[in-house]
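**Student:** My questions are about this predicted structure, shown below with the sequence.
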Amino acid sequence: MDLNTLLKNPVWLAPMAGLSDAPFRQLCKEQGAGLTCTEMISAKGLHYNPQGSGSERLLRLAPGEAPAAVQLFGADPEIMAEQAAQVAEKLGEDLALIDVNMGCPVPKVVKRGEGSALMKTPELAARIVAAMVTALKPYQIPCTVKMRIGFEAGEDLAVDFALRMQEAGAALVTQHGRTRAQFYHGESDDEAVARVADALDVPVFASGDILTAERAQQVLEQTPVSGVMVARGAIGRPWIFAEINGASEPPLTERFALIRRHVRLTEEWYGDDRVGRLRKHLVAYVAGLPGASYFRAQVNQADGFAQLGALLDEYEAWAGAHV
């Protein structure tokens with residue numbers, strides 16, 4: 001996949017564990033996301049349990065989603081390279097790029113030296129990227145990196161670390177403007193992101209606090225980045241991609257139509273009656289609407305998609321009369 005083609009619409013959906021599954025990515029793609037990315041996938045999981053339902057299912061793309069990105073995480077250069085090649089072989093032309101997760105702050109990932117912990121071991125991080133770049137070369141698939149500005153509070157290692165990733169062969173860097181210590185608290189540091197974009201020759205995307213279309217446009221216009229990755233800003237608002245591209249916020253009827261489509265796609269994709277995987281999305285969809293707290297309480301008690309559909313009908317009628 002030619003990276004320049006992807007950069008023509010430089011507003012991408014970021015990978016989010018437990019949230020950016022295939023049904024949600026399909027909606028974001030339909031709403032104008034230039035690229036979608038799988039949830040982060042363990043390279044070790046693919047290596048040691050290739051037929052396991054967890055990691056294998058995460059690799060499946062939604063209808064109309066391709067070409068899409070896959071994000072791998074791990075700390076073993078050999079396994080990361082091996083699985084990068086396996087993913088490229090499996091997905092073929094449906095694969096746009098493979099991203100390396102160097103930003104996840106979750107303790108169970110960090111304690112294994114993976115995710116944002118790689119910022120403490122830049123030599124190892126560079127070896128991982130170099131090995132993956134070599135493994136992906138026959139497939140002409142770019143390897144990219146998503147990282148933070150540092151690990152400990154107050155650190156700013158981003159420029160030096162990002163330059164190492166570029167030297168190792170990374171074709172693009174997505175820079176989250178927080179340290180690992182911050183998790184998702186405090187404000188994303190636009191100046192730190194801008195310093196990385198100024199220092200690198202490869203494209204740099206901004207990540208962190210891209211919560212509204214106005215914020216996305218501000219970052220694109222006021223910093224030297226090549227694009228933005230939208231994460232939490234798309235939860236409950238997959239139409240944010242359309243808004244960034246100039247559309248207006250959809251009216252309430254269209255909003256609920258999109259919610260129902262999300263529910264239907266989720267039921268079809270998983271083939272079960274478990275609504276729990278939708279709850280965070282549903283609560284976010286109605287944030288700010290009248291009676292949202294009542295709806296949230298009812299969603300938490302919903303048992304199956306039929307009951308959820310009835311609840312949506314009831315709530316849409318009530319909310320429509322009170323907006």
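**Tutor:** Looks like it came in fine.

**Student:** For the rest of this, base every contact and every neighbour count on C-alpha atoms.
**Tutor:** Noted.

**Student:** in this protein, which spans are strands?
**Tutor:** Listed in chain order, the strands found in the chain under DSSP state E are 11-13, 41-42, 68-73, 95-102, 143-147, 173-176, 204-207, 227-230.

**Student:** Now do the shortest one: which elements does it pack against?
**Tutor:** Yep, that's strand 41-42 we're talking about. When contacts are defined as 3 or more CA pairs under 8 Å, 6 or more residues apart in numbering; DSSP states H and E, strand 41-42 sits against helix 53-58, strand 68-73.

**Student:** ok and the last one relative to strand 143-147, angle-wise?
**Tutor:** Compare the direction of strand 68-73 with that of strand 143-147 by axes from the mean of the first three to the mean of the last three CA atoms, to 10 degrees and you get 60 degrees.

**Student:** Could you export strand 68-73 as PDB, keeping only the C-alpha atoms?
**Tutor:** C-alpha atoms of strand 68-73 as PDB (Å, rounded to 0.1, in the frame of the first residue of the first chain):
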ATOM      1  CA  ALA A  68      -6.800  -1.200   7.000                       C
ATOM      2  CA  ALA A  69      -4.000  -1.100   9.500                       C
ATOM      3  CA  VAL A  70      -3.100  -3.800  12.000                       C
ATOM      4  CA  GLN A  71      -1.400  -2.900  15.300                       C
ATOM      5  CA  LEU A  72       0.900  -5.400  16.900                       C
ATOM      6  CA  PHE A  73       2.500  -5.300  20.400                       C
END
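
**Student:** Same question for it: list its buried residues.
**Tutor:** With burial defined by 16 or more other CA atoms under 10 Å, the residues of strand 68-73 counted as buried are 68-73.

**Student:** what's the answer for the first one, then?
**Tutor:** In terms of neighbour count (16+ other CA under 10 Å), helix 53-58 has its buried residues at 55, 58.

**Student:** what does it rub up against?
**Tutor:** Outside helix 53-58, the residues that touch it by CA atoms under 8 Å, 6 or more residues apart in numbering are 21, 38-39, 41-42, 45-46, 50.

**Student:** Mark which of the residues you listed are buried, thanks.
**Tutor:** In the contacts of helix 53-58, burial by neighbour count holds for 21, 38-39, 41-42, 45-46, counting by 16+ other CA under 10 Å.
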